[in-house]
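Participant: I would like the atomic coordinates for the input below:
(chains A and B)
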Amino acid sequence: MMGRRRIVAVFLPHWPMDRLFRALKTKGEKPDRRRPLALAMPGQGGLRITARNRAAAQEGIEEGQLVTDAMALCRGLEVRDADLAADTAALKKLADWCGRYTPWTAPDAHGAGPEPDGILMDITGCDHLFGGEAALLDDLVARLRGFGIAARAVSAGSPGAAWALARFGERQVFVLPDGEEEYALKTLPIRALRLSSGICDGLHRLGLKRVGDLYGRPRAPITARFGPDVARRLDEALGRASEPISPEMPLVPFRARLHFAEGLTRTEDIETAVERLALELCDLLTRDLKGARRLELLLFRVDGEVTRALAGTSAPSREAKHLARLFREKLKQAGDDFDAGFGIEAMSLAALAVDAMSPSQSALSGERSGERDIDALIDRIGNRLGPSRVRRLKPCASHIPERAVATVPAMGETPSSSSFISPNDWRIPELQRLDGVVGRPLRMLACAEQIEVTAEVPEGPPRSFRWRRVLHHVVRSDGPERIAPEWWQRDGSRTRDYYRVEDREGRRFWLYRDGLYQRDEEVPRWYLHGIFG
Amino acid sequence: MSGQSAGLIAELRTRIAAFEGAGNATGESASGVVSLGSPFDDVLPGGGLRRNALHEIAAADYRDMGAGIGFVAALAAHFADASSSAPLLWCEGGRVSLDMGGLYGPGLAAFGLDPARLVLIAAAREVELLWVLEEALRLGAFAAVVGEIDGRTKALDLVATRRLQLAAEEGGTPLLLFTGHESADASVAVTRWRVAAAPGSPGSRFAGQSMELVGRPRWNAKLERCRGAESGATWLVEWDVGRRKLSTPDRKLRDSGMRREEMLELAG
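Facilitator: Below you'll find the model as predicted:
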């Protein structure tokens, strides 16, 4: 059944102040709520109050007041700097925490001020898990109060209506049934339509003070005067026009969640829970013939923090054991850093990216099983060490030695996926096949190192060279193998003459002379590029 | 008398091998070893390198690191050839590749190792490296696992090597541990090799050229230690690119004119 969307708007009227008290508490300070406290930031004409606590409000301190006026009103007033960045960051985290109710949550950016002061949640199809919308809202507001955060929450069929009622409605917690938007918003002030203050002032001058004043009024004159915003916002609030919600968190179809009556603190319990989630997620994936490529595990802590862990797989997988194991490495690696706090009260495991995966792919059979085991190991190593640390070599179509091969992350890369040259074409010079000689070094320096060389004739092979302060006497040499720069790469590189040399002790190196004698103005230099086995 | 004692020794060897666990030191099953060909197989117990075991390779000197890596690649090629298409895991500890450069695909191909079959891992810390090696060995899906770690590393103690050996036995996968120019203080490695550079095979000389061409790679390899057999054998080994096999161009180096006396000194 695809019913209408249900949106919850959460309004945090005292967010900066609540946030500050929470931050102070975690630092171990014990702020006194009865002392008047205000936050201020530079505004027109000097520092202005942006937020104040209840004690300060009782003293007559108002938002927007100049700090100097406020100090005159109230002697004991403590004024602190407002920290908008910290407010926004903390709100983002709180929005993540709200993910325990629904996968789709985001800070609400439509607030009156420049910074978000609320959270929007899409709870379509989620409310039954919590005993209905009203129970969900009650639970949400009660939990936030437990964190010391004042909140109002309203659910409605459109973000606009929910937003308006959360801020200007009478009830702290309210469920607006579908179709009643018009009646519910009628008496709210024009500001409830999320219009700019300039437009609100203009409408006020025309005597249009309440949302209901706009109902049934011809739109053309208003649009001509104030632009299309007024009609659009009205339609959105009344649910007549659909409003695109911020794409910040796309809806993930593959998600499993678990709630616990009591917070989990032991790592073993958490691991077991991850396994249960993985089983559930794999059922969902199997149903749609999909395999997970990127996974996200969210751990919701009792105290309102969210721990997020990401893992990736190199090939689509829906093997619960394997997926759970990826996170076990993560949790183990986090070790002491991982802090369950007062316990984990909810968890969710989601497949953020999936690939098609046919049923046969998951069947363990013969030769494939070894490859799949290796893919699984690569995943685990990559998730513990970092994906960039697990690589495969990939041949490239270039005759420049350092460009002839690339190392690519092994995760998500199958050895056979190559552009237009076969993976077995490793460009081993013919020379090697002729004489059974090894034509290319086993190791190549990331950056060729300059060496001092003496040669009998300028164009000839080196007689001796000094590398890393050690003098090597060359007794055998092959070359030159001339490698010209790629003409389409205008990077100023010059023609190189490569020599394979062996010193008196039998150490073999790959050297080159950078540049040609007659042609280039600059004197050619010698470099050591590789080491033979 | 001598025949009797030889029989006794053989019997004792069998019994020691039984103590030592999975290893078939007397070579009752040929599948447990990979043949390196003559003359190495004559010395190695069971007629080859044990597959489910830890093999340590160290360079005789800092300047012999290239030779050491070459020898490791040669042994890895033997193991890779013995298993049809299983990939190879090569794990670096960071410092070696910084100092000696990264593995180069075409160069590996020249050693008969298909770069497409290679999984390269760069571990930032030794503990991680040991974890990777252990997990990879235990998986039993790789033709061979190669690890590069500084032999002086504290994390590479007796317990760590024992864990690696157990993991190798569990997965039936060989581990080639290249310890740079220092070997581990205490180790349960089944074989330990020390490798020094040696002049390559005599190359051909073009008329008018002052120098010979570079020939096939050769190294001095000493079997410093070998569980279940006499150790101390030293060979001049050559890598035969065409046949992808190690061979000895001369007789044992002991008998031939040695080119680097100091190698033996360094090797103790």
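
Participant: Excluding chain neighbours, give the residue nearest to B:A167 in space.
Facilitator: Closest residue to B:A167 apart from its sequence neighbours, by C-beta to C-beta, 6 or more residues apart in numbering or on different chains: B:L137 at 3.9 Å. Placement of C-beta: from N, CA and C, glycine included.

Participant: Who are the contact partners of that neighbour?
Facilitator: Going by C-beta atoms under 8 Å, 6 or more residues apart in numbering or on different chains, B:L137 touches B:V145, B:L164, B:A167, B:A168, B:E170, B:G171, B:T173, B:L175.

Participant: Go through those and give me the one with the most neighbours.
Facilitator: B:V145 (30 neighbours; other C-beta atoms under 10 Å in any protein chain shown).

Participant: now the end-to-end length of stretch A:117-134.
Facilitator: 22 Å (C-alpha to C-alpha, to the nearest Å).

Participant: Which strand or helix spans the residue of chain A found nearest chain B?
Facilitator: Per C-beta to the nearest C-beta, A:G533 is where chain A lies closest to chain B, at 2.1 Å. A:G533 is part of no helix or strand when elements are defined by DSSP states H and E.

Participant: Please report the number of neighbouring residues for the nearest residue to it once chain neighbours are set aside.
Facilitator: Spatial nearest neighbour of A:G533, excluding adjacent residues (C-beta to C-beta, 6+ apart): B:G70 at 2.1 Å. Summarising burial for B:G70: neighbours were counted as other C-beta under 10 Å, giving 29.

Participant: Tell me which residue in chain B sits closest to chain A.
Facilitator: For chain B, C-beta to the nearest C-beta, closest residue to chain A: B:G70, 2.1 Å.

Participant: That residue: what secondary structure?
Facilitator: Classification of B:G70 using DSSP: H, G, I helix; E, B strand; the rest coil returns helix.

Participant: got a pLDDT number for it?
Facilitator: Per-residue pLDDT puts B:G70 at 93.

Participant: likewise the one 10 residues further on?
Facilitator: The confidence metric pLDDT takes the value 89 at B:A80.

Participant: Which element, helix or strand, includes it?
Facilitator: helix B:65-82.

Participant: could you pull out the helices for the stretch 1-150 of chain B?
Facilitator: Ranges of helices in the stretch 1-150 of chain B, per DSSP state H, counting those that start in this stretch, are B:2-19, B:40-43, B:65-82, B:95-100, B:105-110, B:126-139.

Participant: Most tightly packed of those helices?
Facilitator: helix B:105-110 (a mean of 27; mean count of other C-beta atoms under 10 Å in any protein chain shown).

Participant: what's that one packed up against?
Facilitator: strand A:390-395 (3 or more C-beta pairs under 8 Å, 6 or more residues apart in numbering or on different chains; DSSP states H and E).

Participant: Can you pull the poorly scored residue ranges out of the chain?
Facilitator: No chain specified, so I'll use chain A. For chain A, applying pLDDT under 70 flags the ranges A:1-4, A:110-114, A:244-252, A:333-339, A:360-369, A:412-438, A:490, A:520.

Participant: ah, I was thinking of chain B
Facilitator: Where chain B drops to pLDDT under 70, the residues are B:1-3, B:17-31, B:94-98, B:206-208, B:250-268.

Participant: residue boundaries of the strands in it?
Facilitator: B:33-34, B:49-50, B:54-59, B:88-92, B:102-103, B:118-122, B:144-148, B:175-178, B:191-198, B:218-226, B:234-240, B:245-247 (DSSP state E).

Participant: what's near enough to touch residue 161?
Facilitator: I went with chain A, as the question did not name one. A:V154, A:L176, A:E181, A:A184, A:L185, A:A237, A:L238, A:G239.

Participant: oops, chain B please
Facilitator: B:T161 touches B:L54, B:A184, B:A186, B:S187, B:V188, B:A189, counting by C-beta under 8 Å, 6+ apart.

Participant: Need the residue closest to the centroid of chain A.
Facilitator: A:L310 (9.5 Å; C-alpha atoms, centre = their mean).

Participant: Can you verify that residue is assigned to a strand?
Facilitator: Yes: under three-state DSSP, A:L310 sits within a strand.

Participant: pretty sure it is touching A:L295, no?
Facilitator: Yes: contact criterion C-beta atoms under 8 Å: A:L310 and A:L295 qualify, at 7.0 Å.

Participant: domain assignment for chain A?
Facilitator: A:1-35+A:76-248, A:255-380, A:440-531 (automatic domain parsing).

Participant: Quick one: closest of those to B:G203.
Facilitator: domain A:440-531 (5.6 Å; C-beta to C-beta).

Participant: quick check, the closest one touching chain B?
Facilitator: Yes: counting by C-beta under 8 Å from any C-beta of the partner chain, chain B is contacted by domain A:440-531 at A:440-446, A:456, A:461, A:470, A:474-478, A:500-502, A:504-509, A:530-531.

Participant: Mind checking which of the residues you listed are in strands?
Facilitator: Of the residues of domain A:440-531 next to chain B, the ones assigned to strands by DSSP E are A:443-446, A:470, A:474-478, A:500-502, A:508-509, A:530-531.

Participant: Among the residues you listed, name the buried ones.
Facilitator: A:443-445, A:474-478, A:500-502, A:508-509, A:530-531 (16 or more other C-beta atoms under 10 Å in any protein chain shown).
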